[in-house]
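# with the input below, show me the fold.
(4 chains)
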Amino acid sequence: MRSLKRFGAIAGACLLILAGCNGAEETSTGSDPQGDMARGAELIAAKGCGTCHEIPGIDGATGRVGPPLDHVGERMFIAGMLDNTPENMRTWLMDPQAVVPGNAMPDTGLDQEEADQVAAYLRSLR
Amino acid sequence: MTLSIAKSIMAKAISGWRQVGQRAGLAVAGLALGTHAASAQTPMYYLETFGPKGEITASLTWGLLAISVFVVVLMSVLVLVAIFRAKRLEPAELGSKLPVSHPGGGHRWIYLGLALTTAALIVMVVWTMEVLAEIDEPAVEPAFTIEVTGEQWWWEARYVDPDDPSRTFVTANELHIPVGEPVRIRLASADVIHSFWVPALAGKTDVIPGQINETWLQADRKGVYRGQCAEYCGVQHAHMAMRVFADPAEEFRSWWEHQLEPADTIPEDDELLRVGQEQFVLKCGACHAVRGTLAGGEAGPDLTHFMDRTTIAAVTLPNTPGHLSGWIADPQHQKPGNKMPNLDLSGPELNAIRHYLETLD
Amino acid sequence: MSDISLETRKPMAIGRLPIGSIGRLPNGWWGMMMLVATESFLFLYLLFTYYYLAARAGSGFLPEAPPFFHLSGPNTLILIASSATLWYGERGARKGSRGQLLIGFLATLVLGAIFVGIQIVEWTEKPFTIASHAYGSTFFTVTGFHMAHVVGGLIMLLALTLWSAIGYFDEKRMAAISIGAIYWHFVDAVWIAVFFTFYITPYLR
Amino acid sequence: MAAADYQKRPEAGFVTEALEKKLHDMWETKPGLFGVIATVDHKVIGIRYIVTAFAFLVIGGLQALIMRIQLAQPDQTILTPEQYNQLFSMHGITMIFLYALPILSGFSNYLFPLLLGTRDMAFPRLNAFSYWIYLASGLFMYASFLIGEAPNNGWFNYAPYALKSFNPGLNMDFYALGMVFFGISTTVGAANFVVTVMRNRAPGMSINRLPIIIWGTTTVSVGILLANPAVSLAFFFLWLDRQFGTHFFDTAGGGQPLLWQHLFWIFAHPWVYIIVLPAMGMVSDALPVFCRRPLVAYTLVILGTITTMLLGFGVWVHHMFATGIPFLSMSYFSGASFIITIPSAIATFAWIATIWTGRIVMTTAFLYFAGFISMFVIGGVSGVVTASVPADLQLHDTYFVVAHLHYVLIGINLFGVLGGLYFWFPKMTGRMLSERLGRWNFWLTFLGFNLAFLPMHWTGLLGMPRRIYTYPEATGWSWVNMLTTVGSFVLAFGILLLFVNVWISLRRGAIAGRNPWDAPSLEWATSSPPPAYNFPVMPVVASRHPLWEDRLDESDGHSSIDRGLVLDDGKEMLATSVIDAEPRAILKMPEDDPWPFLVTIALTVGFTALLLHWWWIGVAAGVATLLGCVFWLWPRDDLAQTKGAAHE
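Here you go, the predicted model:
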């Protein structure tokens, strides 16, 4: 189903290009600063979050290992136990083993600033 | 006699055309890409190369392309001129009779064209034979051989020191070679036909079951060169890449030394690593080997010095904790159809195995 | 004589023309030649396969026991004889002698059937099968291809014999007979090449 | 009636209404379902070939568009790798086998008897058979999609990946059996063309007066007869390896994977010329019409055609330069591949000289032919580059080769065919295609094609290998791929306009009349569309351009078109001598006949049975096929195959 949608989108894009229109569409931005979000998206791609999670707006982020992160910005809990606040998200991203020992999510080596940037992107997924 | 004259002319022509070609090519690339085709952006580009074998081939290819472009432009212009110089008639009434004539003179074109074609062909054939003879064997006998085996869909590399058989080791997907020295590559297949290709260093050599093909590589500049299987080999043909690291000789020798060592033993008191190793041997050891442990499988890549590699799954994913976790947990999603199964790992097992793998440096 | 193009300076003279498949070279003869051409290349590629595999494999290619002549030798003679009987029968057709035609064709049919029978015995005598090794695969495939052509030829000869027996042909309308005979001679000639490849060349080394 | 008289003298006469009526009743296909399956009319069969081939072109084109969407951007997951692999395999198989040759067979089938001034092919029933087999084998291969197991190893289908241990499904069995099946169609079709040219021409049409397309098709037909057994055999071996454990390609038992490549390319390289030479022939015949002059260097062009085919048999190893073959062998095959340029160059220069010295009538067909010349040159020189071994070791199996082969196949085959369609459509249907839509059609196809495939050379130089279902962004291939995808949609839109044009013309197109282009060859001497018997009286030919004679004054005689031989005593046509086309015999031609169709059904059942291992049904179908052939060939009075069957 997903791939069908994607197929349709790209076919549509091709048609638009055929018609000479510029069909590029920006993903909607939240209230966060643009720079943080963009950097967050780059980090998500570089750290390989997409190999485990489906993350809207990240190329190739189609993983099925962990939960999909669409609407993660409006979820109630992180890791089933922390309130979904920016601080908790940072904590979770930086050292998931400290939150839930033995869980499958690795420490991907984010520093505090990077974790905030990733969190900013994730928060925008509503 | 004539051949040697042709040779010297050719040698001059090569260097001249090469420069013109490079510039023209970069200009074309600039137009096409909005950027110039440096190897960083286009790692598989092979008209800019870094070894003696690639160099001479690139010159030849530039020359042939230049001739080709010239011929295409010339002929297209001829067609256009022919059309627009010919007297154009008004659109005919259907079925009405139009004048027909049989003017002579056309044959001159053909004979002239054939003469030019033949001349161009002779140049191309002689040049081709020259280069073919050059790239056949390296100038000096290579000091060692890498036995590369193509498997669906990754590369095994066995380094063989001809003087000391005990100094042999196995790695996968990422080859290291010393800068400025030719290296012999001996190619075998474990299953179907593959093709060994590192475009910035040399052309392809097929990897065919039931026969051993040989080729050689030489990189004259330190760097990382991307290679990729070039013969369709099944469902994951697209994800059968490799990397060749050209290191300074000293660095290369110490890399080799390091590769010979078995994996480090894990610290006694680290419970997580102990579980990780145990689970690795249990769940992964049937296919993967880690020298110095009970894991001795041969179906998949040897992981003894896994953390020395920059990528996983035949250069499909970068070797980071995030990618590694996703790959171990769900390889069939990352590379559908590949031979690594989805194992039924629990979260803690996955975590432990990954931790263990991260110690294999 | 009818002059066709009245205006031409060089009128084309057209006399009485034979009607239908009569005399030499009817369309069917050409069609058979096309078949022979393409089938010759089929067998060329078959034998190429044998020689290619043999050359690439080197000394271990041939089976331990060299090929025997005790069946294949006589069988080759039988097939050559069948070409002779066919020629005899076809000559009968040309003369308008239906008896000679039938004798020749029936003899060919019998000889062809004997060839098939002996060949099957030869096959069963082999200690290997089509799936044993590359030699076995080429041996059974090439001889099998030839055998299929022999069987096809026999069915064709059977039809021709039947048609002759019910009096379809006379000394003029007999194109089917001559054309069919070409095919049988071709199948025989192919056997010589197959025989040389599988039975003679192993001794030439 | 004298029963023993086996001869008669054909009379000369003019066309009369009574004669036309009589011939019509004799030759016209019977109406109803029986007529549909039993017809042997070469024009009906030719059009069937063309329509079917275009249908396959559309299917193959849609497959290409889906793949182009997948490749438009890096790391896409629209298609699974397996889906992509099946699509690229079927795209190749469809275009190379089910479109490229059959479309040319369609034109040749339609045109041969008309160009040659005769009434039908040498073997009309074989002709029908060849079409039915083509259709059946195409459907057979496409049936694989129904169970999701289409061929997935490319059209080149290298062993050992094609063997059962790596490819256990029915995918390869469909392809292997389908190709053996399809080979029957091409072989009998080719034989028919050769015999027709040798035997059935208008009196006086000596070999130096034949149209070039006749030379082209005849040359490639000989090529097919000699090359096709190699591929049928290779596929049969493959099937044996898969089903019965033989060891032709499997190294375990002494087989050789490279045997496949040799057998395949011994066939497939000549095949490349087989699917372009007739298209070149079309251009050589039709282009001069719009230049208002005969083709320059007729004889040289023919010699070039034949030489190309001959050399085409000696260069197959240039597809295998990377397989580790010996140095000497590489040098030889490289040199031979270079030399093959020369005969192709002859044709190119001949066309340009024809335009240069002619007076142009600008039509859509002309545009296609002129565009064809440039595409031909691009496809040709990129081929020359790959003939150079060191360059080829880099270029081989990259998109450079994909670009090259599309310039050859689309540039030479499709452009020639589209030009040919604009040229001969009025003859086939009696109506003109719209020139206005034609211009749109041409420019969109031309621009779309070049937009799609010219940058693709660059994709190849950037090192993109063929047959990969996706690629990472870091390779730098994204931009050029997007360009190609956009171009391919433009091209597809251009082709769509062609169908619109055909659709409209069939309803409202201008009436064509006999000879709308004022062209010189015999097909334009009869009405459009031609009657079932083609020519009421058999024309006699005195020059290369029978309808331009009075204006060119190139022969010492005059062709006789309106007055000719009257052959109306049953379905009759002439047999002529090979070189000079002197009348040799009067042939009796077969009526509509269901046997070709029935034998095809038996064969289809047989191949399906082999596919599914229904051995006994397979045997029964084999027996039915043989019996069908016996009944088909049963000697008949009306064909003058039995004694006493004479007519006066």
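# hey, where'd the helices end up in the stretch 201-350 of chain B?
B:249-260, B:271-279, B:321-329, B:331-334, B:347-357 (DSSP state H, counting those that start in this stretch).
# with mean pLDDT added, can I get these in JSON lines?
Shown next, in JSON lines, are these (pLDDT from 0 to 100):
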{"stretch": "helix B:249-260", "mean pLDDT": "96"}
{"stretch": "helix B:271-279", "mean pLDDT": "93"}
{"stretch": "helix B:321-329", "mean pLDDT": "94"}
{"stretch": "helix B:331-334", "mean pLDDT": "93"}
{"stretch": "helix B:347-357", "mean pLDDT": "94"}
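# highest average neighbour count across those helices?
helix B:321-329 (a mean of 25; mean count of other CB atoms under 10 Å in any protein chain shown). (C-beta placed from N, C-alpha, C; glycine too.)
# what does that helix rub up against?
With contact meaning CB atoms under 8 Å, 6 or more residues apart in numbering or on different chains, helix B:321-329 is reached by A:47-52, A:63, A:65, A:104-109, B:312-313, B:317, B:334, B:342-343, B:345, B:350, B:353-354, B:357-358.
# can I have the buried ones of those residues as a PyMOL selection?
Restricted to buried positions by 16 or more other CB atoms under 10 Å in any protein chain shown, the PyMOL selection for those reads:
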select buried, (chain A and resi 47+48+49+50+51+52+63+65+104+105+106+108) or (chain B and resi 312+313+317+334+343+345+350+353+354+357+358)
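# restricted to strands, list the contacts of helix B:321-329.
Members of the contacts of helix B:321-329 lying in strands (criterion: DSSP state E): B:312, B:317.
# element containing residue D:444, please.
helix D:435-461 (DSSP states H and E).
# can you tell me the average pLDDT over the helix or strand following that helix?
Per DSSP H and E, the first helix or strand lying C-terminal to helix D:435-461 is helix D:478-508. Within the predicted structure, the mean pLDDT of helix D:478-508 is 96.
# check which element follows helix D:478-508 along the chain.
Later in the chain than helix D:478-508, the nearest helix or strand by DSSP H and E is strand D:538-540.
# what helices or strands is that next one leaning on?
Judged by 3 or more CB pairs under 8 Å, 6 or more residues apart in numbering or on different chains; DSSP states H and E, the packing partners of strand D:538-540 are strand D:560-566.
# ok, now with 10 Å
For strand D:538-540, the packing partners by 3 or more CB pairs under 10 Å, 6 or more residues apart in numbering or on different chains; DSSP states H and E come out as strand D:560-566, strand D:572-576.
# I'd like these laid out as JSON lines, including mean pLDDT.
Output for those, formatted as JSON lines (pLDDT from 0 to 100):
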{"stretch": "strand D:560-566", "mean pLDDT": "90"}
{"stretch": "strand D:572-576", "mean pLDDT": "92"}
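# which of those sits most buried?
Each of those was scored by mean neighbour count; the highest is strand D:572-576, a mean of 24, by mean count of other CB under 10 Å.
# circling back to that earlier point, adding distance to chain C, write the helices and strands packed on strand D:538-540 out as CSV.
Listed next are the helices and strands packed on strand D:538-540 as CSV, based on distance: least, CB to the nearest CB, whole Å:
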stretch, distance to chain C
strand D:560-566, 4
strand D:572-576, 7
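# show me the residue at the heart of the chain, geometrically.
No chain specified, so I'll use chain A. The residue lying closest to the centre of chain A (CA atoms, centre = their mean) is residue A:55, at 4.3 Å.
# counting neighbours, what do you get for residue B:247?
18 (other CB atoms under 10 Å in any protein chain shown).
# for it, list each beta-bridge partner.
residue B:178 (DSSP bridges).
# am I right that it is in contact with residue B:221?
No - with contact defined as CB atoms under 10 Å, residue B:247 and residue B:221 do not form a contacting pair (11.1 Å).
# what residues are shared contacts of those two?
Residues touching both residue B:247 and residue B:221 by CB atoms under 10 Å, 6 or more residues apart in numbering or on different chains: residue B:179.
# anything in the helix or strand encompassing residue C:164 near chain D?
Using DSSP H and E, residue C:164 sits within helix C:134-165. Yes - interface with chain D: helix C:134-165 contributes C:134-138, C:140-141, C:144-145, C:151-152, C:155-156, C:158-160, C:162-164 (CB under 10 Å from any CB of the partner chain).
# in that helix, what counts as buried?
C:134-143, C:145-147, C:149-150, C:153-154, C:156-157, C:159-161, C:163-164.
# packing partners for that helix?
helix C:27-57, helix C:72-95, helix C:98-125, helix C:175-195, helix D:212-244, helix D:615-632.
# can I get the second one in CSV, CA atoms only?
The reference is to helix C:72-95. Output in CSV follows, covering the C-alpha atoms of helix C:72-95 (Å, rounded to 0.1, in the frame of the first residue of the first chain):
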residue,chain,number,x,y,z
SER,C,72,27.2,-48.6,-33.8
GLY,C,73,29.3,-49.9,-36.6
PRO,C,74,26.7,-52.2,-38.1
ASN,C,75,24.1,-49.6,-37.4
THR,C,76,25.9,-47.1,-39.4
LEU,C,77,26.0,-49.5,-42.4
ILE,C,78,22.3,-50.1,-41.9
LEU,C,79,21.5,-46.5,-42.1
ILE,C,80,23.7,-46.0,-45.2
ALA,C,81,21.9,-49.0,-46.8
SER,C,82,18.6,-47.4,-46.1
SER,C,83,19.6,-44.4,-48.2
ALA,C,84,20.4,-46.8,-51.0
THR,C,85,17.0,-48.5,-50.8
LEU,C,86,15.3,-45.1,-50.7
TRP,C,87,17.1,-44.1,-53.8
TYR,C,88,16.0,-47.3,-55.5
GLY,C,89,12.4,-46.6,-54.5
GLU,C,90,12.5,-43.0,-55.7
ARG,C,91,13.9,-44.2,-59.1
GLY,C,92,10.9,-46.5,-59.3
ALA,C,93,8.7,-43.5,-58.7
ARG,C,94,10.4,-41.6,-61.5
LYS,C,95,9.8,-44.5,-63.9
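# count of neighbours near residue B:203?
Around residue B:203 sit 27 other residues, with neighbours defined as other CB under 10 Å.
# check residue C:102 too.
Residues near residue C:102, counting by other CB under 10 Å, number 16.
# can you list the low-confidence ranges for the chain?
Picking chain A for this. Within chain A, the segments meeting pLDDT under 70 span A:1-35.
# to clarify, I was referring to chain C.
In chain C, residues with pLDDT under 70: C:1-12, C:23-24.
# residue of it nearest chain B, please.
Nearest residue of chain C to chain B (CB to the nearest CB) works out as residue C:56 at 8.5 Å.
# neighbours of the closest residue to that residue other than its chain neighbours, just the number please.
Leaving out its chain neighbours, the residue that sits closest to residue C:56 by CB to CB, 6 or more residues apart in numbering or on different chains is residue D:256, at 5.2 Å. By other CB under 10 Å, 26 other residues sit near residue D:256.
# give me the pLDDT value at residue D:256.
So residue D:256 comes in at 94 (pLDDT).
# how about residue D:5?
pLDDT for residue D:5: 67.
# what of residue B:72?
pLDDT, the model's per-residue confidence, is 95 for residue B:72.
# the one 10 residues further on now?
pLDDT recorded at residue B:82 is 91.
# ramachandran coordinates for it?
With angles defined as degrees, to the nearest 10, residue B:82 sits at phi -60, psi -40.
# and for the single nearest residue of chain C relative to chain D, the neighbour number?
Closest residue of chain C to chain D, CB to the nearest CB: residue C:20 (2.4 Å). Residue C:20 is flanked by 29 other residues according to other CB under 10 Å.
# neighbours around the closest residue in space to it that isn't next to it in sequence, how many?
Spatially, and ignoring its direct neighbours in sequence, residue C:20 is nearest to residue D:640 (2.4 Å; CB to CB, 6+ apart). Around residue D:640 sit 27 other residues, with neighbours defined as other CB under 10 Å.
# then residue D:640 would be within a helix, right?
No - secondary structure assignment (DSSP: H, G, I helix; E, B strand; the rest coil) places residue D:640 in coil, not in a helix.
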